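Trainee: quick one, what's the 3D model for this:
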Amino acid sequence: MKAPRRSILKRLLATLTSAAGADSFTNAFAEGKPQMEVPSTDVPLYSGSTRLGNMIFVSGAGAHFEGDIKAHTDHVLKEIEKELIKAGSSMDKVLKVNVLLHDLKDYKAMNEVYKGRFGNKPPVRTTVSTHAGVPGNSLVEIDCIAYV
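Mentor: Residues are numbered from 1 along each chain as shown. From the prediction side, this is the model:
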């Protein structure tokens, strides 16, 4: 018989409170409102990459300078490659890529620069154009998942 939903939620809450420390969890919700912490300015917002087992997850990289889509794509792919090498991987070991374009009209030109950068067997890829643009006025942002 399946456990009722409430029981599952209670067990999940118990696990979270023991993992996070019951006092901090209880105090945060004591008055019915979560207490917000202001993040320290000396701690980065995200990592360039993170590793789980033999998998490497590389954060999105953009190009924050004047230039066309080809210059931006070339720069971003070089930044992705640097991050992969630093993590002990390479462009040939990329399994999945996400490409965010500022404007879908740049798809063909981006592909001209992208082609061949991941070896003979390119990774699977998702390419989308963002409605509000790519952060930092970059024309493209790329992230990926690779293995070591």
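
Trainee: and stretch 100-113, end to end?
Mentor: 15 Å (Cα to Cα, to the nearest Å).

Trainee: and if you look at stretch 98-117?
Mentor: Terminal-residue distance, stretch 98-117 (Cα to Cα): 14 Å.

Trainee: next: stretch 100-107.
Mentor: 10 Å.

Trainee: what residue ranges in the protein are flagged as low confidence?
Mentor: Scanning the chain for pLDDT under 70 picks out 1-41, 43.

Trainee: correct me, but residue 69 touches residue 110?
Mentor: Yes. Counting by Cβ atoms under 8 Å, residue 69 touches residue 110, with 5.5 Å between them. (Each C-beta comes from the backbone N, C-alpha and C, glycine too.)

Trainee: okay, and the common contacts of those two?
Mentor: Counting by Cβ atoms under 8 Å, 6 or more residues apart in numbering, the common neighbours of residue 69 and residue 110 are 101, 140.

Trainee: ok, then the element right after the helix ranked longest in the chain?
Mentor: The residue-count maximum for a helix in the chain (DSSP state H) belongs to helix 69-86. On the C-terminal side of helix 69-86, the nearest following helix or strand under DSSP states H and E is strand 94-101.

Trainee: mind listing what's buried in that next one?
Mentor: For strand 94-101, the neighbour count (16 or more other Cβ atoms under 10 Å) marks 94, 97, 99-101 as buried.

Trainee: that strand: partners in the sheet, and parallel or antiparallel?
Mentor: strand 124-129 (parallel), strand 140-147 (antiparallel) (DSSP bridges).
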